[in-house]
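# Quick one, what's the 3D model for this:
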Amino acid sequence: MNQVNQKIKEQMKTTQNRIQDLERIANEQDKETDRLDILKDVGNFRKQLASTQTSIRKANLSCKMAIDRQERESLLQGGTDPDLRKRMNKESLAQTAGNITDNLMSLNRMMAANVAQSNLANEVLGKSSATLSDTHEEFKGMGGVIQTSRSLLTKYNRRELTDRLLIFLAVALFLATVLYILKKRIF
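As a prediction, the model looks like this:
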């Protein structure tokens, strides 16, 4: 029974560590909606873990109480045959131990299912984190292209302004030349 309790404690500790890892991953998310969804799942996992721990404690307590009650009854039945009493005590202890083992195995399966669900959520988070990282790198590349385009557009706008000014000056010079020629010929 101590071995089963030890295994359950180890699995509880592993589950707690995975929940903490999941919470850390949630806090690293860039999108607020992803972070909130993951934190909601973490809360659900914590509630399930607390419920499982409570169930295990209740099962242990009820088994201890049943064993104590049986020992008390066997002590109070002092007048019966000792061999019969030992056999009855062994049978009841074996049945109680079997019931405890069944309860603990059921809790163990439930915890394994929770751990599997946490692993699945962890994998999904890993994939979404990879996708977000790829998208982030792509946006960085796009930012460089946009910056280059902005500088080119600014340069072309300056050139357009310079070209308009030069054309205006050329037209003004032309008109001045035409006026000068007309002035010299007519007057």
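# does residue 30 sit in a helix, a strand or a coil?
Of the three states, residue 30 takes coil under DSSP: H, G, I helix; E, B strand; the rest coil.
# Please identify the buried residues of stretch 120-140?
By neighbour count with 16 or more other CB atoms under 10 Å, stretch 120-140 contains the buried residues 121, 125. (Glycine included, C-beta is placed from N, CA and C.)
# Extract the C-alpha set from that stretch and format it as PDB.
Coordinates of each C-alpha in stretch 120-140 appear next as PDB, following Å, rounded to 0.1, in the frame of the first residue of the first chain:
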ATOM      1  CA  LEU A 120      -1.700  17.000 -25.600                       C
ATOM      2  CA  ALA A 121      -2.300  20.600 -24.600                       C
ATOM      3  CA  ASN A 122       1.500  21.100 -24.200                       C
ATOM      4  CA  GLU A 123       2.100  19.700 -27.700                       C
ATOM      5  CA  VAL A 124      -0.600  22.000 -29.200                       C
ATOM      6  CA  LEU A 125       1.000  25.000 -27.400                       C
ATOM      7  CA  GLY A 126       4.400  24.000 -28.800                       C
ATOM      8  CA  LYS A 127       3.100  23.900 -32.300                       C
ATOM      9  CA  SER A 128       1.200  27.200 -31.900                       C
ATOM     10  CA  SER A 129       4.300  28.800 -30.400                       C
ATOM     11  CA  ALA A 130       6.400  27.600 -33.400                       C
ATOM     12  CA  THR A 131       3.800  29.000 -35.800                       C
ATOM     13  CA  LEU A 132       3.800  32.300 -33.900                       C
ATOM     14  CA  SER A 133       7.600  32.400 -34.100                       C
ATOM     15  CA  ASP A 134       7.500  31.800 -37.800                       C
ATOM     16  CA  THR A 135       4.900  34.500 -38.300                       C
ATOM     17  CA  HIS A 136       6.900  36.900 -36.200                       C
ATOM     18  CA  GLU A 137      10.000  36.300 -38.300                       C
ATOM     19  CA  GLU A 138       8.000  36.900 -41.500                       C
ATOM     20  CA  PHE A 139       6.600  40.100 -40.100                       C
ATOM     21  CA  LYS A 140      10.200  41.200 -39.300                       C
END
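# Which positions in stretch 62-70 come out as buried?
Of the residues in stretch 62-70, 63, 66, 70 count as buried by neighbour count, 16+ other CB under 10 Å.
# give the contact list for the first one.
Contacts for residue 63 were tallied using CB atoms under 8 Å, 6 or more residues apart in numbering; they are 96, 99-100, 103.
# re the thing from before, which one of the buried residues of stretch 62-70 is nearest to residue 159?
Closest approach between the buried residues of stretch 62-70 and residue 159, by CB to CB: residue 63, at 88.4 Å.
# Please report how far that closest one lies from residue 91.
In this view, residue 63 and residue 91 are 16 Å apart by CB to CB, to the nearest Å.
# swap in residue 145?
Residue 145 sits 81 Å away from residue 91, going by CB to CB.
# now residue 117
Taken as CB to CB, the span from residue 117 to residue 91 is 39 Å.
# All good on my end, thank you.
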